[in-house]
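Novice: pasting the sequence and the predicted coordinates here, then a few questions.
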There are 2 protein chains.
Amino acid sequence: MDEKLIRDPYNPIRYPLLIVISGPSGVGKDSVVQQLQKRNYPVHFVVTATSRPARPGEVHGVDYFFVSETEFETLIRNDELLEHAVVYGQHKGIPKQQVREALASGKDVVMRLDVQGAATVKRMAPDAVLIFLSASSEEELAGRLRQRRTDTEQQIQCRLQMTQEEMQRLNEFDYVVVNRDSHLDETVDQVIKIIESEHCRVHPRQVTL
Amino acid sequence: MDEKLIRDPYNPIRYPLLIVISGPSGVGKDSVVQQLQKRNYPVHFVVTATSRPARPGEVHGVDYFFVSETEFETLIRNDELLEHAVVYGQHKGIPKQQVREALASGKDVVMRLDVQGAATVKRMAPDAVLIFLSASSEEELAGRLRQRRTDTEQQIQCRLQMTQEEMQRLNEFDYVVVNRDSHLDETVDQVIKIIESEHCRVHPRQVTL
């Protein structure tokens, strides 16, 4: 970040933000991003590439780019991913070029990432805005994972244990927003407030990839 | 600031903020604070002490504490002021004890200050949140000062020249919010968004006076 850059109120320039929405499994990352999309919030929503199979209802190019393990390896070899990680035995990653193009056009970019991926992006782009979505308690999170009915009890226990480790990385984030059961709208409102406030910083963040 | 302090989403603690609303003469500092008060926004509004005479309609203890030059000297001697400055030949200052008590009770504190006073507070309390209100242009600001009809043209020219110097200190502030003519509500909304976002910072600001 260029410490000398100052936002000039008499000559407003849009400094696009790279916003990472992260948090443990089941906390509601996808719901928050979907809600931003439903509100037509004017940002570029990154589509993540993944090697895991689509869940019922998920659409290729909308929810994820569903790619084969082989295709994924090619993306990694060509250094075409902003971050990639193996999560529960499957690859996930962000195509770089997509983010560069959106930022260059002046648009804020929003991406959802697991905690490990968010930390990777922060190392590559220290001026990214990292938002950690949290449940209000571990019990609340466990309840939500059970409601989702996509995991076995053993998988749920594994995810909850992972969450405890992920909470240890909270200090690498900029903001923490509690996504309470049945309060999704408030959570989304708060995320938008954070984005709008970041656009008022005297010293704008500058993301270069 | 204690770098190790982290907001715990499972055990939320309220870390009260010290919010300084500043900016040049005529930009609308008083209007923004009055609007926050009208909305019953739940913060403690600091009452500034001043040695200038009350303008028509201003109420002692509400708009300002109007004190004599002698009383003001006593406050300074007893180190009972958070900041004080001579502005246009008259004293203005913030009684310290009032701020300490409000913060100790867990309440955010909002104060309006000229740019010089804001910079002083930031030196004494680096974790204060400094918001610079700006017009969208110098012409807009000049128009507002003329509409106020409390100053002579010479005084207005003097204020405008001072504004140019004040704009040079923008880099000491955290946020800049443009208060456009007839858009006071948007300005107040944005100030509230900044306050609420600051309450989501993973590393809370900690003000000690």
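Specialist: Yep, it's here.
Novice: give the contact list for the residue nearest in space to the middle of chain A.
Specialist: The geometric centre of chain A, computed from its C-alpha atoms, lies nearest to A:Arg112 (Cα atoms, centre = their mean), at 2.1 Å. By Cβ atoms under 8 Å, 6 or more residues apart in numbering or on different chains, the contact set of A:Arg112 is A:Val20, A:Ile21, A:Ser22, A:Lys29, A:Asp30, A:Val32, A:Val33, A:Val46, A:Thr48. Heads up, the C-betas are built off the backbone N, CA and C, glycines and all.
Novice: quick one: residues contacting the third one.
Specialist: Contacts for A:Ser22 were tallied using Cβ under 8 Å, 6+ apart; they are A:Lys29, A:Arg112, A:Leu113, A:Asp114, A:Val115, A:Gly117, A:Ala118, A:Leu130, A:Ile131, A:Phe132, A:Leu133, A:Phe173.
Novice: what count of nearby residues applies to the nearest residue to A:Ser68 once chain neighbours are set aside?
Specialist: Here the nearest residue to A:Ser68 in space, its sequence neighbours aside, is A:Ser51; by Cβ to Cβ, 6 or more residues apart in numbering or on different chains that works out to 6.7 Å. Neighbour count of A:Ser51, defined by other Cβ atoms under 10 Å in any protein chain shown: 21.
Novice: check A:Ser51 and give its pLDDT.
Specialist: Per-residue pLDDT puts A:Ser51 at 91.
Novice: same check on A:Met162?
Specialist: Among the per-residue scores, A:Met162 shows a pLDDT of 92.
Novice: that one in helix, strand or coil?
Specialist: In the three-state summary, A:Met162 is assigned as helix, counting by DSSP: H, G, I helix; E, B strand; the rest coil.
Novice: who are the contact partners of it?
Specialist: For A:Met162, the residues meeting the contact criterion (Cβ under 8 Å, 6+ apart) are A:Pro24, A:Ser25.
Novice: residues from chain A in reach of chain B?
Specialist: Residues of chain A found near chain B (Cβ under 8 Å from any Cβ of the partner chain) are A:4, A:6-7, A:9-10, A:12, A:132, A:134-138, A:170-171, A:173-178, A:190, A:193-194, A:196-198, A:200-203.
Novice: correct me if wrong: A:Val62 contacts A:Val47.
Specialist: Yes - taking Cβ atoms under 8 Å as the contact criterion, A:Val62 and A:Val47 are neighbours in contact, 7.2 Å apart.
Novice: higher neighbour count, those two?
Specialist: For the pair A:Val62 and A:Val47, the greater number of neighbours falls to A:Val47 (16 against 10), based on other Cβ under 10 Å.
Novice: distance between the helix or strand bottoming out on mean pLDDT in chain A and the chain's centre?
Specialist: When the helices and strands of chain A are scored by mean pLDDT, DSSP states H and E, strand A:81-87 comes last with a mean of 85. Relative to its chain's centre, strand A:81-87 lies at 12 Å (Cα atoms, centre = their mean, to the nearest Å).
Novice: next SSE after that strand?
Specialist: Sequence-wise, the next helix or strand downstream of strand A:81-87 (DSSP states H and E) is strand A:90-95.
Novice: neighbouring strands of that following strand in the sheet, and parallel or not?
Specialist: Strand A:90-95 has these partner strands in its sheet, going by DSSP bridges: strand A:48-50 (antiparallel), strand A:81-87 (antiparallel).
Novice: could you pull out the strands for chain A?
Specialist: Counting by DSSP state E, chain A forms strands over residues A:18-22, A:44-45, A:48-50, A:64-66, A:81-87, A:90-95, A:109-112, A:129-134, A:175-178, given from the N-terminal end onward.
Novice: can you say which of the ones you listed is nearest to B:Leu81?
Specialist: Smallest distance to B:Leu81 across these (Cβ to Cβ): 34.2 Å, for strand A:175-178.
Novice: follow-up on the earlier one: please identify the buried residues of the least confident helix or strand of chain A?
Specialist: Under the neighbour-count criterion of 16 or more other Cβ atoms under 10 Å in any protein chain shown, strand A:81-87 has A:Leu81, A:Leu82, A:Glu83, A:His84, A:Ala85, A:Val87 buried.
Novice: and the residues you listed, which is closest to chain B?
Specialist: A:Glu83 (19.9 Å; Cβ to the nearest Cβ).
Novice: and the closest one, what does it touch?
Specialist: A:Gly93, A:Ile94, A:Leu113, A:Gly117, A:Thr120, A:Val121, A:Met124.
Novice: try it again with 10 Å
Specialist: Neighbouring residues of A:Glu83 by Cβ atoms under 10 Å, 6 or more residues apart in numbering or on different chains: A:20, A:48, A:92-94, A:96, A:111, A:113-114, A:116-125.
Novice: which one (most neighbours) among the contacts of A:Arg112?
Specialist: Neighbour counts for those peak at A:Val20, which has 27 neighbours (criterion: other Cβ under 10 Å).
Novice: where's that residue relative to chain B, distance?
Specialist: Distance check for A:Val20 against chain B: by Cβ to the nearest Cβ, to the nearest Å, it reads 13 Å.
Novice: which residues pair with that residue across the strands?
Specialist: Per DSSP bridges, residues listed as beta-bridge partners of A:Val20: A:Met111, A:Leu130.
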